[in-house]
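Engineer: Structure for the following, please:
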Amino acid sequence: MSTTLIAGSDGLVIAWPDGTSGTFPYIWLRDTDPSGFHPDTGERAFELTSVPLDIAPCHAQIDGDDLFVTWPEADGPSRFDLAWIKAHRPGQKRADPAAVEPVIWRSELGGDSVPRHRADVVLSGDPGLQTWLEDTKRYGLTILTGLADTSEAGMEVARKVGHLRETNFGLTFEVMSKPNPNNLAYTADALPLHTDLTNQELPPGYQFLHCLANEAKGGGSTFCDGVAVAEDLRERDVDAFNILASVTVPFRFHDEDTDIRFRKTVITLDDDGSVSEICFNAHLADIVDLEPEEMTAFYRAYRLFMEMTRDAAYGIALRLCGGEMVVFDNRRVLHGRQAFDPSTGFRHLHGCYVDRGEWDSRLRVLARDTGG
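Structural biologist: Prediction:
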């Protein structure tokens, strides 16, 4: 059997011997002509407005492993590799090495079962880096061990992923109790589970918290998988879930130098309806400004989600030691802290952020280099 081609009124239908078939609209074929991309940058150079939407070819044929399509206004035919056009037929999403299937977890994971990786292995070469990146994206949470006792050590790992995300707290930040704090993280108080910087237009992606000292009584780190909470909420109370996925909450951070505000839904869904992000920080929630008739339903849903994040069925706790660094997806995994007594010892974490786009880019480049 050979590959067959049928020319319709709006596009080509190609059928391969293995039973795969695809419909290729003419306007898509003209717009996707490989010669319409810059040979060096790979960027699209074809001017879509130069052809009509109802464009049709003068001729189309399969010759060996290629499809040739001749257009009325073009100097020469478009040439498509049949294997390439099969893999990229309309309706098929491009394969993405960064699309790591998440493992949804609850309290059964336990602090001792959080995936751990040695920093020297991650830093020593691409295989270790790729394995750690995939693991962190899969669970939304990993711990690196064996870091040097310097603030640069954690940043070195973060920069292996991509550029650091600067915020109003700086390129990096020190989590310790200090006088006149402008954030609850800089106190010794307990921090309920939350995601960071919900007031930002785009909250940071992955957070790196390198433990330099944890000698005080208390101060354990807490985490929960926000996707697990949201999906269980969908099963338990779909009305509450839909409210949190559609009604935006005003978030605000302000001090003497800044006043940063943005509105976000607590739950964000992807194109397939799966939970892709969580944005929840009760301390940064601004005055709720919904219409009065919406308030009761919203508060019921918001409070229920809050209660679930504090349910022992979801949370895990662990105590970071010097030389360990926890890395987690700030738009998936909620984090918190148990209160500590600074008079009993010093507690110091050094932190920074790397955005999700940087993380996924590194995964794709590593997969390309290894043929994955």
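
Engineer: How about the contacts made by the nearest residue to Phe253 once chain neighbours are set aside?
Structural biologist: The shortest distance from Phe253 to any non-neighbouring residue, by Cβ to Cβ, 6 or more residues apart in numbering, is to Asn199 (4.5 Å). Placement of C-beta: from N, CA and C, glycine included. Taking Cβ atoms under 8 Å, 6 or more residues apart in numbering, we find Asn199 in contact with Phe251, Arg252, Phe253, Ile260, Arg261, Phe262, Asn281, Leu284.

Engineer: again, only using 6 Å
Structural biologist: Neighbouring residues of Asn199 by Cβ atoms under 6 Å, 6 or more residues apart in numbering: Phe251, Arg252, Phe253, Ile260, Arg261, Phe262, Leu284.

Engineer: Who is the third one paired with across the strands?
Structural biologist: When bridges are assigned using DSSP bridges, the partners listed for Phe253 are Ile260.

Engineer: List the residues that contact it.
Structural biologist: Per Cβ under 6 Å, 6+ apart, neighbours of Phe253: Asn199, Ile260, Leu284.

Engineer: Against Thr70, how distant is the second one?
Structural biologist: Distance of Ile260 to Thr70, computed by Cβ to Cβ, to the nearest Å: 55 Å.

Engineer: do the same with the last one
Structural biologist: Taking Cβ to Cβ as the measure, Leu284 falls 59 Å from Thr70.

Engineer: what's the answer for the first one, then?
Structural biologist: In this structure, Asn199 lies at 55 Å from Thr70, with Cβ to Cβ as the measure.

Engineer: Equivalent analysis for Leu366, please.
Structural biologist: Counting by Cβ to Cβ - Leu366 and Thr70 are separated by 40 Å.

Engineer: Which one's more surrounded, those two?
Structural biologist: Leu366 (19 against 13; other Cβ atoms under 10 Å).

Engineer: before we move on, which element is the more buried one in?
Structural biologist: helix 356-370 (DSSP states H and E).

Engineer: Same question for Lys137.
Structural biologist: Lys137 belongs to helix 126-139, assigned by DSSP H and E.

Engineer: and what of Ala282?
Structural biologist: Under the criterion of DSSP H and E, Ala282 resides outside all helices and strands.

Engineer: Report pLDDT for it.
Structural biologist: pLDDT recorded at Ala282 is 94.

Engineer: Neighbours of it, how many?
Structural biologist: Counted with other Cβ under 10 Å, Ala282 comes out at 14.

Engineer: ditto for the one 4 residues further on
Structural biologist: Here the neighbour count serves as a burial measure; for Asp286 (other Cβ under 10 Å) it reads 15.

Engineer: how close does it sit to Trp359?
Structural biologist: Here Asp286 is placed at a distance of 29 Å from Trp359 (Cβ to Cβ).

Engineer: Strands of the stretch 251-372 of the chain, start to end?
Structural biologist: 259-264, 267-269, 275-278, 316-318, 325-329, 333-337, 340-341, 347-354 (DSSP state E, counting those that start in this stretch).

Engineer: The fifth one - which strands sit beside it in the sheet, and in what orientation?
Structural biologist: The pairing partners recorded for strand 325-329 under DSSP bridges are strand 141-145 (antiparallel), strand 206-214 (antiparallel).

Engineer: Let me have those in CSV, extended by mean pLDDT.
Structural biologist: Putting the strands paired with strand 325-329 into CSV (pLDDT from 0 to 100) gives the following:
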stretch, mean pLDDT
strand 141-145, 98
strand 206-214, 94
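
Engineer: Of all those strands, which one comes closest to Thr172?
Structural biologist: Nearest to Thr172 among these is strand 206-214 (8.9 Å), distances taken as Cβ to Cβ.

Engineer: right, and the helix or strand after the closest one?
Structural biologist: Taking DSSP H and E, what comes next after strand 206-214 is strand 217-218.

Engineer: Once you drop chain neighbours, what's closest to Gly357?
Structural biologist: Closest to Gly357 by Cβ to Cβ, 6+ apart is Gly205, at 7.3 Å.

Engineer: can you check Arg337 too?
Structural biologist: Nearest to Arg337 is Leu191, by Cβ to Cβ, 6+ apart, at 4.3 Å.

Engineer: what do you get for Leu320?
Structural biologist: Nearest to Leu320 is Cys211, by Cβ to Cβ, 6+ apart, at 3.9 Å.

Engineer: okay, now Ala56: neighbour count?
Structural biologist: Residues lying near Ala56 (other Cβ under 10 Å) number 16.

Engineer: So it: helix, strand or coil?
Structural biologist: Of the three states, Ala56 takes coil under DSSP: H, G, I helix; E, B strand; the rest coil.

Engineer: how much space is there between it and Leu290?
Structural biologist: Distance, Ala56 to Leu290, by Cβ to Cβ: 52 Å.

Engineer: mind giving me the domain ranges of the chain?
Structural biologist: Split into domains by automatic domain parsing, the chain comes to 4-87, 107-370.

Engineer: Of these, which stretch is the most buried?
Structural biologist: domain 107-370 (a mean of 18; mean count of other Cβ atoms under 10 Å).

Engineer: for it, how far is the first residue from the last?
Structural biologist: Length of domain 107-370, first residue to last, Cα to Cα, to the nearest Å: 35 Å.
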